[in-house]
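Trainee: what shape does this take:
(2 chains)
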Amino acid sequence: MEKILINRLPMLTYRHLHTNETEIAFPQQAKTADAVFSSLALVRPGGSLPDTFQGASRETREAAAAGPACRIDIPDGTEQELTITVALKEDRPDYAGVFLFRLGKKARLNLTWKWTGTGKPGRCCTASSYEVGEEAVLRVSKIQTGMENTFLCDQRECRIAGGGQADFVSAELGGGDTIVHSRGELDGDHSVMKESLCYAGTGRQRLDLFYHITHHGKESESLIDVRGSLAGQSRKIFRGTIDFKRGCSGAEGTEGDYAVQLDPGAKNISLPLLLCTEDNVVGNHASSAGQLDREKMYYLMSRGLSPEEARRIAVESLVRPVIDRLEPSLQEEALQDIRTKLNHKGE
Amino acid sequence: MAEEEKKKSHIEDINRSIYDVKDEVEYSFKTESGLTEKIIREISEEKQEPQWMLEKRLQALETYRKLDIPPWMPDISELDMNHIDTYIKPRTDMKARWEDLPQNIRDTFDRLGIPEAEKKSLAGVGAQYDSEVVYHNVQEELARQGVIYVDFETAVRQYGDLIRPYFGRLIPPSYHKFAALHYAVWSGGSFVYVPKGVHVDMPLQSYFRLNAPGAGQFEHTLIIVEEGATCHFIEGCSAPRYNVANLHAGAVELFVKKGAVLRYSTIENWSKNMYNLNTKKSLVEEGGSMIWVSGSFGSHTSCLYPDTVLKGDRSSCEFTGITFAGKGQFLDTGSKVEMLGKKTTASIHSKSISKGGGTAVYRGVVHIGPQAQGAKAAVSCESLMLDNQSRSDTIPDIKIENDDIDLGHEAKIGRIPDEDIYYLMTRGLSEEDAKAMLVRGFAEPISKALPLEYAVEMNRLIDLEFEGSIG
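Mentor: Numbers count the residues shown, from 1 in each chain, chains lettered A, B, ... in the order given. This is a model prediction of the structure:
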């Protein structure tokens, strides 16, 4: 299997820890499943990624670009809802595709992504480009479950004009290797981008999460909020960067990476970068890692809960702020999947 | 008058010229510029070293040639090793009395206040001038207790069997390119040995002065604190400013044995033509404590990340550091902690200030190994931007390989809040005074960790850096 390097940090650091980028086995693609749209009225076939689109690596970008492309334009001042479902099958365990979204001025789009599949090994690479116009609002909710032997690579880049907002909420619960590569450009004044993600790593699952939000516009705002648990031999790498460029006066950016480690074999790596060339900004980072709070566990168990139930509640309370921001129809499914995974945490 | 008042309120009695006085360059021996085998053999011969040391130097040269410059480092393309004088021996031998030094060298250290500090508050002093230590002394009482504090050349000659197992053990030449350079051309530095159970109550201080333009300083510091012993070591450094690049590539290896405590304080005030590519690393055994206090103010470019290996169970480390990057400076600093033993603890507090186009980078590592059950680490990084011409980056790397740990990390970047300045101005302070006071408050946790004289020096440096920078 070909080895590739993905999710390279925008500012490199020491080499001996091997955290600047990730070397990962890149499986071959076989037969691809289809993406199913809740409404075809908005979808136009064709289009290509912007030249500036970087993706997790050249190989993953090209893999996505080899699939079908489509454009989804939301005209000025209109409001739309769209659900895209990709269900991998035993005989079609792969996917590749490009999605080009453009929201006109004051447009609104509620977009839902659903990914499901079997345990059949496969490879899914997507590349999504979002252009959010002035005062437009984009809300994206994503859930992916199952697919425990699938290489999943979600690459997205989002450019936001003045007053525009983009809010990405993801429950990355499935997948064997789960790669997220997200870039945001807050071009306009008062633009906002939020990225929230929860996960529950089990077995030999690997999560490789990359976020890079760049502030150009004045009083722009960003949030990166990643939460989850790691059990078994699972491994998570978080590479988050908030980049304040000169001129983004009044901007505020916050990133948080919160992990609980449930087993000794789990590994957790965190690289939360703050880059800054503008003085009038507020940039914050907070992260925590460790076992579940023993006092909290003791309290729950003193109320009659078993250790397993107490652990489940404690993990749920950690990821709940992300779950609650998912599109309502996805919330229960996400919680159920987390509960199931915690019951079989080492598997 | 207004200008005078400003100086009075901010500068007080500090005089920057004490660092910038250039002595006439006088030497008894000097190698050619550059880095060749011939030069290394000359240095070794001049020092009358044992064969093992020459071989180590030559091996290090080979390693230096093989290694590349790490891709993450700041741009050092203006540093040309072909124009660096790697060894300049001053025109004096090492003395044990300040009075015996040549007048110009004595005057330099007098201006820097070293003899005065020795009388008041130090248990021992070493003073290096260019490539050699010119003064070394330690209190007789400490010597009677078995404390060894000598220049490194003396250590190689007199305590070869003691230092040989430790020299290059923590920082091998392969550590990085400039560690290899260090071992090829090292000269000067200090060796400290504190026997089991001995407490060195007053600090020991080594001061490094680089006078010659285009010169490099490559001192080696080795400290061994035996079981249950304690020691506070202070390192100071300065140089006059020249138009050509100077280079500092020292190495500091610290061994903290079972239950021992070592505090290592540094106020770095190199001139702004200096490339400071220094390497520091400590190994802490069971129950031992390593405490770093670091102030980085000078240098054109600095790469400095004190590294602590918490090997023993219940060993601990604290790092408290401040970096002040002004115009034309790129100060890439931070700390590394490798937590390997059980129930180890690490506490890292880093602050940086950047202004006038300066760049301050915090680059840190916390690595909690698979066997480090019960490890606890807390990291905080605060960066203050004083204008929008400057740059401040925070690049932490946290790697956790077991579940029984507790780690918290927080970082923030911003400027002095307007409301804080406004509040102080309503109490009668000028904007400049208010900002200077707030910056001093920002730096206070570090100045509190320093001995009084050095805290005062640090505050004065901050005041000085403010002159004319606000408004």
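Trainee: C-alpha only now, for contacts and for neighbours.
Mentor: OK.
Trainee: and residue A:295, how many neighbours does it have?
Mentor: 9 (other Cα atoms under 10 Å in any protein chain shown).
Trainee: just checking, it is part of a helix?
Mentor: Yes - judged by DSSP: H, G, I helix; E, B strand; the rest coil, residue A:295 forms part of a helix.
Trainee: mind listing what it touches?
Mentor: For residue A:295, the contact set (Cα atoms under 8 Å, 6 or more residues apart in numbering or on different chains) is empty.
Trainee: how much space between it and residue A:314?
Mentor: Distance of residue A:295 to residue A:314, given as Cα to Cα, to the nearest Å: 11 Å.
Trainee: could you count how many residues lie near residue 42?
Mentor: Defaulting to chain A. 16.
Trainee: hm, I was asking about chain B
Mentor: Counted with other Cα under 10 Å, residues neighbouring residue B:42 total 17.
Trainee: secondary structure class of it, three-state.
Mentor: Classification of residue B:42 by three-state DSSP places it in helix.
Trainee: do residue A:53 as well
Mentor: Here residue A:53 is recorded as coil under three-state DSSP.
Trainee: check what pLDDT it gets.
Mentor: pLDDT, residue A:53: 97.
Trainee: thought it was touching residue A:157?
Mentor: Yes - here residue A:53 reaches residue A:157: they are 7.0 Å apart, a contact under Cα atoms under 8 Å.
Trainee: quick one: common contacting residues for the two?
Mentor: With contacts taken as Cα under 8 Å, 6+ apart, residue A:53 and residue A:157 have residue A:129 as neighbours in common.
Trainee: which one's more surrounded, those two?
Mentor: Taking other Cα under 10 Å, residue A:53 and residue A:157 do not tie; residue A:157 has more neighbours (24 against 17).
Trainee: name the element the more buried one belongs to?
Mentor: strand A:150-160 (DSSP states H and E).
Trainee: gap between residue A:171 and residue A:88?
Mentor: Applying Cα to Cα to residue A:171 and residue A:88 gives a distance of 18 Å.
Trainee: ok, so what distance separates the nearest residue to residue B:90 once chain neighbours are set aside from residue B:185?
Mentor: Counting by Cα to Cα, 6 or more residues apart in numbering or on different chains, residue B:90 lies nearest to residue B:27, which is 4.3 Å off, once chain neighbours are set aside. Residue B:27 sits 17 Å away from residue B:185, going by Cα to Cα.
Trainee: what do you get for residue B:83?
Mentor: Per Cα to Cα, residue B:83 is found 15 Å from residue B:185.
Trainee: what residues does the stretch 1-150 of chain B have near chain A?
Mentor: Taking Cα under 8 Å from any Cα of the partner chain as the contact definition, the stretch 1-150 of chain B meets chain A at B:70-72.
Trainee: present those as JSON lines; the columns should include distance to residue B:259.
Mentor: As requested, the residues of the stretch 1-150 of chain B next to chain A are arranged in JSON lines below (distance: Cα to Cα, whole Å):
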{"residue": "B:70", "distance to residue B:259": "36"}
{"residue": "B:71", "distance to residue B:259": "38"}
{"residue": "B:72", "distance to residue B:259": "36"}
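Trainee: helices - which of these land there?
Mentor: Using DSSP state H, no member of those sits in helices.
Trainee: from these, which is closest to chain A?
Mentor: Nearest to chain A among the residues of the stretch 1-150 of chain B next to chain A is residue B:72, at 5.0 Å by Cα to the nearest Cα.
Trainee: that closest one against residue A:10, yeah?
Mentor: No - taking Cα under 8 Å as the definition, residue B:72 is not a contact partner of residue A:10, at 10.5 Å.
Trainee: quick one: which of those two has more around it?
Mentor: Neighbour count, other Cα under 10 Å: between residue B:72 and residue A:10, residue A:10 has more, with 15 against 12.
Trainee: contacts only, for residue B:371.
Mentor: Residues near residue B:371 by Cα under 8 Å, 6+ apart: B:340-342, B:402.
Trainee: next, give phi and psi for the one residue sitting closest to the centre of chain B.
Mentor: Central residue check for chain B by Cα atoms, centre = their mean: the C-alpha nearest the mean position is that of residue B:266, 4.8 Å away. With angles defined as degrees, to the nearest 10, residue B:266 sits at phi -130, psi 130.
Trainee: no further queries at this time; thank you.
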